[in-house]
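Peer 1: Sequence plus the predicted model coming up.
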Amino acid sequence: MKTFVVSDVHGHYQVLKDALDEAGYDSDNPEHFLLCLGDLFDRGEENTQVYSYFYQLTQENKAEVLLGNHDLFMLEFLEGDFEGAAFNALHNGFNQTLEDFSGLNYHSHTLKKIHQQILKQYPNVKPWLKKRPLYLKTKDYIFAHGGLDGSKPDWHKEDKKRFVWQYQSRLEGLKDKTIVVGHERTAMMRLNRGEIATLNPGDPNQFTIIEEPGKIFIDGFVELSKHINVLKLDINAEEIKDASAR
């Protein structure tokens, strides 16, 4: 049994498919399961394709998707947060997602009109996002988008926004499990902030998975690298499905 773990797709459907094909993932193989650690949307131009792909796989019980901070942008907008949507459109690439889902130009229509159009054209996206878990816990691993504070016995009761926004590299891990996260770009972890100009999209070694004691980071900075990391784990798919059901 193989579990294929990806994260931070950010509207790059074809890049995702290419990465999964290269990793040997087959959605028709009953021994393969796909787990996405969140951030399906924004910064790319194939947001609806990414959503439709994962939506169908979750309906068929072949995949699970955790909630990421960019997915939360979409959920909050669909719940009526227009002020946050305007900010995220300006700073976080959310305008592309709104245009992809509504079919309307972001600058030519009101957020209310875009909101109505998305709910009309994609009635399942809001309830589907509301069902996305913040983390999954198996025998040996905990999967999350942002991070969890292992120094707190009740880490699992953390506020939703902290779960999707905080950085695992800055938090204590757990003694008995490995924490696997996205959100924090591995290329940026390898550099000091002042060295961002030295990032080279042509050097795949800058964007690869980082493994530390008790922690694994997989966000490959797809909008720059045009590559998505795929972590393959020998986890029984039923274990992931059972964790999803809890």
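Peer 2: That came in fine, so what should we check first?
Peer 1: what about Pro213, neighbour count?
Peer 2: 6 (other C-beta atoms under 10 Å). C-betas here are computed from N, CA, C, even on glycine.
Peer 1: Tell me the spatial nearest neighbour of it, not counting adjacent residues.
Peer 2: Gly173 (7.7 Å; C-beta to C-beta, 6 or more residues apart in numbering).
Peer 1: what's the single longest helix in the chain?
Peer 2: In the chain, taking DSSP state H as the definition, the longest helix is helix 47-59.
Peer 1: tell me the mean pLDDT over that helix?
Peer 2: Mean pLDDT, helix 47-59: 98.
Peer 1: helices and strands around that helix, which ones?
Peer 2: helix 13-23, strand 63-65, helix 94-102, helix 125-130 (3 or more C-beta pairs under 8 Å, 6 or more residues apart in numbering; DSSP states H and E).
Peer 1: would you turn the ones you listed into TSV with mean neighbour count?
Peer 2: Converted to TSV, the helices and strands packed on helix 47-59 look like this (neighbours: other C-beta atoms under 10 Å):
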stretch	mean neighbour count
helix 13-23	17
strand 63-65	26
helix 94-102	23
helix 125-130	16
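Peer 1: Mind checking these for the one nearest to Glu158?
Peer 2: Proximity to Glu158 (C-beta to C-beta) singles out helix 125-130 among the helices and strands packed on helix 47-59, at 18.1 Å.
Peer 1: from memory Ala85 sits against Tyr106, does it?
Peer 2: No. Using C-beta atoms under 8 Å as the test, Ala85 is too far from Tyr106 to be in contact (9.8 Å).
Peer 1: who touches both of the two?
Peer 2: Taking C-beta atoms under 8 Å, 6 or more residues apart in numbering as the contact rule, Ala85 and Tyr106 both touch Leu98.
Peer 1: just checking, Asp219 touches Thr186?
Peer 2: Yes. Contact status for Asp219 versus Thr186: in contact at 6.1 Å, counting by C-beta under 8 Å.
Peer 1: the more surrounded of the two?
Peer 2: Just comparing Asp219 and Thr186: by other C-beta under 10 Å the higher neighbour count belongs to Asp219, 28 against 21.
Peer 1: So that one: helix, strand or coil?
Peer 2: Secondary structure assignment for Asp219 (DSSP: H, G, I helix; E, B strand; the rest coil): coil.
Peer 1: Distance of it relative to Gly24?
Peer 2: Distance, Asp219 to Gly24, by C-beta to C-beta, to the nearest Å: 21 Å.
Peer 1: before we move on, what about Thr198?
Peer 2: 33 Å.
Peer 1: Equivalent analysis for Leu75, please.
Peer 2: In this view, Leu75 and Gly24 are 32 Å apart by C-beta to C-beta.
Peer 1: the more surrounded of those two?
Peer 2: More crowded of Leu75 and Gly24, by other C-beta under 10 Å: Leu75, with 18 against 12.
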